[in-house]
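with the input below, show me the fold.
(chains A and B)
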Amino acid sequence: MKKLLTLFFSSLALFSVMAQVDKGNLLIKNGTVITITKGNLEQTDVLIKDGKIAQIAKNIQAPAGVRVIDATGHYVMPGIIDAHSHIALDGINEGTNPITPEVSEEDVINPFQIGIYRALGGGITTVHAMHGSANAIGGQCETIKLRYGNFDPDALKMEGAPRTIKFALGENPTRSHGEGSGIVPRTRMGVEFVIRQAFSEAKEYSEAWSKYNKNKLVKGFRGAPPAYSYRHEVLSDILNDKIIIHCHSYRADEIYMMLKVCKDFGIKRIVFQHVNEGFKVAPELAAQGAMASVFSDWWAYKFEVYYSTAYNAAILTRNGVVTSINSDDAEMMRHLYHEAGKTQKYGALTDEEALALITINPAKQLGIESRVGSLEVGKEGDIVIFKNHPLSIYGVPMYTIVDGIVWFDREKDPDDMRLVVDPKQNIDNAMLRDKNSDLDHCMEGAEFILDSELFNANKK
Amino acid sequence: MIKTITLLRSISGVFALLLFASSLQAQEEKELKPVTRTYAVTNVNVIQAPGKKIEMATVLIKDGLIVSVGKGISIPPEAIVIKADSMYVYAGFIDGLSRVGVARPKEEPSRERVKDPGNPTPERAGITPQNDVRYSLNPADKSIEDLRNIGFTVAQVAPYGNLLPGQSSIVLLGGKSIDQMVLINNSALYSELSGANNVYPNTIMAVMAKWRELYRQASQSKSYQSLYASNRTGLERPASDRVLEAFYPVIDQKMPVLFKSEKMLETHRILKLKSDLGFALTLGDIKEGWPIVNKIKSSGAKVFLALDLPEEIKKEEKKDDKKADKKADSTKAKEVAKPKTATDLEKDALEKRRAEAITNYTSQASTFAKAGVPFGFSTLSAKAKDIPANLRRMISAGLSEEAALAALTTTPAQLLGLSDRMGTVEPGKMANLVISDKTYFHEKSKVRYVFVDGTLYKMDVKEEKKADPNAKVDIEGSWSTVTQTPQGSNDGKATFKKEGSGYKGTVSGGRMPAPVDMTSVTLEGNKLSYSYSLSFGGNSIKIDVEVTVEGDTFKGNASIGPRGSFSIEGTKNPKN
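The predicted model follows:
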């Protein structure tokens, strides 16, 4: 008991220090370094200085005062990146309108969710915290680093990461709005229509503003400015490639449709999420530079995902599509390295290819590949140290490091890692709820629409 | 037939008589002006301001103002003298955010279904910043009396609603009409970070997006209106917009935005809106501010901390343990020697963290005081009857009595811009006073008199005397209850049954579909209190009833969380 409590209090003390120090110094000695981009280096050291990888070499001398982790016999790899998750958020779906690009998950980061710490235990360092899929154009997402222990939600943000936004095709938006509220979109055609309509309006909006701004320079100009619309501001940013689209999709026809929409509006950056039928349109995806983030082997949970294969990731990869494997789930997130390993059974990807699915490839999809996703000098010190190879069924993350700070240490893993405690109850509700995470998180928060009379009437 | 007519005639005659009589009575009851508006509170310990005390002095009040304070003041002949021998007088307390005296909207508009949930009317979306809380004040609301009885004289009150329900006012907790109550109208633009039911904006992220959009649209329309006003040539006439125009004084920094900011993450988000848009901000009813006190401090926001605290952990379990020990003396030794199981240890650790959490809430005020952040208090989510005890809990958690008093008087006066007229017991200030028989923060202290704007309210201490700890009453059986609510009187039934040394009970009637078990029943002398919970759409509401029993009747209050308290009466039903 005493030991437990001491551990617990020492962890608390750790928190308060960590919250102030965001970047650390660390020397990881003598591990097998899996760089992802530059092969494996046996018995090699990695030095992190001020949160960044300063040196990767043999026999690096530890600078004074720098903590040293002995990784002899262990595997040192880049922190795992999950390109599709809904953890650390208060609110997932603004399911009231098919077009809601103005809402942003950035505003509702919840740094206290215990799932963040659990994800660290699975070697995750960066997460794409996404809006749900109730809307054709959903909300903006946030790329966060799992600095669990901070009380300020902003401290989790990956500063400077590109903006991203959630789109959704198929059954979820048609169920929510067509069946749920009796408005467009009711069909896949409707989904295409509302997206094209939103883009066209945004085009008009930004043209009206450029015209107004141009006129304003003329001396003696009199006139009213176009009415400000937050929604159209964000849509214009998408058209100007300032925001990467992450598009929930399953069927090949809708994926191909969305590729055409992007082409028509000159949008270059799009990542398809789930993409179960991506294998049917892999060459088309590759030709347009579109990327794909998939499940390893999850399907048949609704009608539109019956035509699926576990070979999806391998086929996409072999066709030159930048592919990642995601979790969309707080539990699956804790063993993404297993999910990546499945591509070796289904598609015989190499170790390097398989691990790229959860490191450098998701980094590319989030536009952060120059900062994380591989072990290279100058990149950020986001590292996971595995006992046994990460693609082995015996692989276990021992340390998870973000910006050179150890945020998870399996040897020092206290029972109670909650940051805030509800004064009314002993156990956090989240702890119990997380167990039932086999639901489709993409629709969380939009259930009320599905419960509506109209929805049920239409169903009959 | 003839008989009927005569009968009818005589009935109408009685009716006319009755009407006449009642009109006569009405005339008699017509309120007279008070004989005098001059009062002298004598022989009293005056706490003029935190840390500034005059012993055994006189406070002279005339026409709503404090005229003089000190020793040896001559008392004018017309003065009503209040012999407050060895009592304590303080400046009346000021509440930074509450809904005291604000009538609840009768129907919740959020229930109706909207055709297109993405484009509701502003009213349905909870966006009515142009509304004025004055139109929903009710001077007869019992909550005013409840709060005044514990020493509050002024409150900043906000309208009901979620996102932008309207503008707050600073009101006196006295007065017969709305206009008599209102001291400052449109004191702040009130807002909460909560979404509309089933329509846009439904989530917090949409609420924040909508907030930004409205503010930017208001800034745009405001500058266009002034452009048009200065020269109309070549410009379309700007249309009037009630919603956006309500933001204009905020944009001009003439009116602050008052946010309910209970939770820590809520506070973070509100501060983010402030830093994005730059409005003057008042944070109300803060409950989890201690981990981010420095962030709040550097934001420059004005601060009102919640007077609501989480309940302390009851020590009942330990009592039970003792009883068990007594009963089984022989096995006691064995039990002590029994090592704790892993489950016990885990339970202990969880319980310990919860106790620490409660301590954090209780010591929030002292944390803010130590960080040098000026703060007042707000009663928005607190029950009036819990407030004195909660203040004592804050004091025993490290807040000095002086700092507590400052947070009730001088600091809120300053934060609300009213220092020139209230917050201290000084000549020239409004006669808002609270007089207690012991120092206010003493456990056994009782408020005896309260002055609001020079009007005296004498606290009824009779009811307290009625409560007799030695009285023996029999509550077992079924009782018919009548609760007076703003929506009219509500009939119910309460049944009590003896069980062991205590009682168990159920409540039924009202809108309850089925009887509900009481969560606690306690009877001390003739003081009966019981609690039960009702759930509405996933929300659980706790109702606490406290009554004094006399024979086969009882009388007292039923309080429903922060929503206020209502008077309740009960009559015992004859046994079948």
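
and residue 364, how many neighbours?
The chain I'm using is chain A. 20 (other C-beta atoms under 10 Å in any protein chain shown). Using the backbone N, CA and C atoms, a C-beta is placed for each residue, glycine as well.

try again with chain B
24.

just checking, it touches residue B:289?
Yes. If you go by C-beta atoms under 8 Å, residue B:364 and residue B:289 touch, sitting 5.9 Å apart.

what residues are shared contacts of the two?
residue B:305 (C-beta atoms under 8 Å, 6 or more residues apart in numbering or on different chains).

what residue ranges in the chain score low on pLDDT?
Assuming you mean chain A. When residues are selected by pLDDT under 70, those of chain A lie in A:1-21, A:427-441, A:448-460.

I was thinking of chain B, sorry if that wasn't clear
Residue ranges of chain B with pLDDT under 70: B:1-31, B:107-112, B:315-337, B:461-469, B:486-487, B:510-511, B:536-539, B:561-563, B:575-576.

do that again at 50, thanks
Residue ranges of chain B with pLDDT under 50: B:1-27, B:317-328, B:330, B:463-465.

can I see the domain layout of it?
What automatic domain parsing lists as the domains of chain B is B:31-92+B:423-459, B:93-106+B:118-313+B:351-420, B:466-572.

and chain A, which of the ones you listed is closest to it?
Chain A lies closest to domain B:93-106+B:118-313+B:351-420 among the domains of chain B, at 2.8 Å (C-beta to the nearest C-beta).

tell me the most buried of the domains of chain B?
domain B:93-106+B:118-313+B:351-420 (a mean of 20; mean count of other C-beta atoms under 10 Å in any protein chain shown).

chain B contacts on the stretch 101-250 of chain A?
Proximity of the stretch 101-250 of chain A to chain B is confined to A:102-105, A:107-108, A:110, A:112, A:139, A:151-154, A:181-183, A:222-225, A:227-231 under the rule C-beta under 8 Å from any C-beta of the partner chain.

stretch A:378-386: end-to-end distance?
22 Å (C-alpha to C-alpha, to the nearest Å).

in it, what's buried?
Going by neighbour count (16 or more other C-beta atoms under 10 Å in any protein chain shown), the buried part of stretch A:378-386 is A:379-386.

grab the nearest non-local neighbour of the most centrally placed residue in chain B.
Nearest residue to the geometric centre of chain B (C-alpha atoms, centre = their mean): residue B:379, 4.5 Å. Nearest residue to residue B:379, sequence neighbours excluded (C-beta to C-beta, 6 or more residues apart in numbering or on different chains): residue B:98, at 4.4 Å.

now residue B:369
The shortest distance from residue B:369 to any non-neighbouring residue, by C-beta to C-beta, 6+ apart, is to residue B:403 (4.7 Å).

re earlier: hmm, residue B:386 and the residue nearest to the centre of chain B touching each other?
No. Between residue B:379 and residue B:386 there is no contact under C-beta under 8 Å: 9.8 Å.

overlap in contacts, those two.
B:307-308.

which ones are touching residue 130?
In the absence of a named chain, this looks at chain A. Per C-beta under 8 Å, 6+ apart, neighbours of residue A:130: A:84-86, A:92, A:105, A:141, A:164, A:166, A:246.

correction: the question concerned chain B.
Counting by C-beta under 8 Å, 6+ apart, residue B:130 makes contact with B:166-167, B:242-243, B:245-246.

try 6 Å
Going by C-beta atoms under 6 Å, 6 or more residues apart in numbering or on different chains, residue B:130 touches B:242, B:246.

which ones among the contacts of residue A:130 map onto strands?
Counted as lying in strands by DSSP state E, out of the contacts of residue A:130, are A:84-85, A:141, A:164, A:166, A:246.

nearest to residue B:517, of those residues?
Distance ranking of those against residue B:517, using C-beta to C-beta, places residue A:85 first at 42.3 Å.

center of chain A, which residue is that?
With distances taken as C-alpha atoms, centre = their mean, residue A:128 lies nearest the centre of chain A, 1.9 Å away.

what kind of secondary structure is that residue in?
strand (DSSP: H, G, I helix; E, B strand; the rest coil).

same check on the one 4 residues further on?
Under three-state DSSP, residue A:132 falls in the coil class.

kindly report the same for residue B:507.
Quick answer, by three-state DSSP: residue B:507 is strand.

related to what we said a few turns ago, buried subset of the ones in strands among the contacts of residue A:130?
Listed as buried from the ones in strands among the contacts of residue A:130 are A:84-85, A:141, A:164, A:166, A:246; burial here means 16+ other C-beta under 10 Å.

now those residues as JSON lines including distance to residue A:303?
Formatted as JSON lines, these follow (distance: C-beta to C-beta, whole Å):
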{"residue": "A:84", "distance to residue A:303": "21"}
{"residue": "A:85", "distance to residue A:303": "25"}
{"residue": "A:141", "distance to residue A:303": "26"}
{"residue": "A:164", "distance to residue A:303": "28"}
{"residue": "A:166", "distance to residue A:303": "22"}
{"residue": "A:246", "distance to residue A:303": "23"}
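
between the residues you listed, which is closest to chain B?
Of all those, residue A:141 has the smallest distance to chain B: 10.9 Å, by C-beta to the nearest C-beta.

wait, the closest one sits on residue A:167?
No. Between residue A:141 and residue A:167 there is no contact under C-beta atoms under 6 Å: 10.7 Å.

check contacts around whatever residue of the stretch 201-350 of chain A ends up closest to chain B.
Relative to chain B, the nearest point of the stretch 201-350 of chain A is residue A:222 (3.1 Å; C-beta to the nearest C-beta). Neighbouring residues of residue A:222 by C-beta under 6 Å, 6+ apart: B:233-235.

what do you get for residue A:269?
Residue A:269 makes contact with A:241, A:244, according to C-beta under 6 Å, 6+ apart.

can you do 10 Å?
If you count contacts by C-beta atoms under 10 Å, 6 or more residues apart in numbering or on different chains, residue A:269 has them with A:162, A:164, A:238, A:241-246, A:262, A:289-291, A:365, A:367.

in strands only, show me those residues.
A:164, A:243-246, A:291.

which one of the buried ones among the ones in strands among the contacts of residue A:130 is nearest to residue B:338?
Checking those against residue B:338 by C-beta to C-beta gives residue A:85 as the nearest, at 45.6 Å.

okay, and the beta partners of the residue lying closest to the closest one once chain neighbours are set aside?
By the measure of C-beta to C-beta, 6+ apart, the closest residue to residue A:85 outside its immediate chain neighbours is residue A:127, 4.7 Å from it. For residue A:127, the beta-bridge partners under DSSP bridges are residue A:82, residue A:144.

so who does residue A:127 touch?
Counting by C-beta under 10 Å, 6+ apart, residue A:127 touches A:80-88, A:115-116, A:119, A:141-146, A:156, A:158, A:326-327, A:333, A:362, A:366.

let's see 7 Å
With contact set as C-beta atoms under 7 Å, 6 or more residues apart in numbering or on different chains, residue A:127 has these partners: A:82, A:85, A:87, A:119, A:144, A:146.

top of those residues by number of neighbours, please.
So for the contacts of residue A:127 (other C-beta under 10 Å), the most neighbours sit at residue A:82, 30 neighbours.

pull up the residues of the stretch 351-500 of chain B that are close to chain A.
Within reach of chain A by C-beta under 7 Å from any C-beta of the partner chain, the stretch 351-500 of chain B has these residues: B:351, B:353-354, B:357-358, B:361.

dump the residues you listed to JSON lines, plus distance to residue B:371.
Formatted as JSON lines, these follow (distance: C-beta to C-beta, whole Å):
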{"residue": "B:351", "distance to residue B:371": "29"}
{"residue": "B:353", "distance to residue B:371": "24"}
{"residue": "B:354", "distance to residue B:371": "25"}
{"residue": "B:357", "distance to residue B:371": "20"}
{"residue": "B:358", "distance to residue B:371": "20"}
{"residue": "B:361", "distance to residue B:371": "16"}
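
now, which of these lie within strands?
Using DSSP E, none of these sit in strands.

quick one: which of those residues is nearest residue A:426?
Residue A:426 lies nearest to residue B:354 out of these, by C-beta to C-beta, at 5.4 Å.
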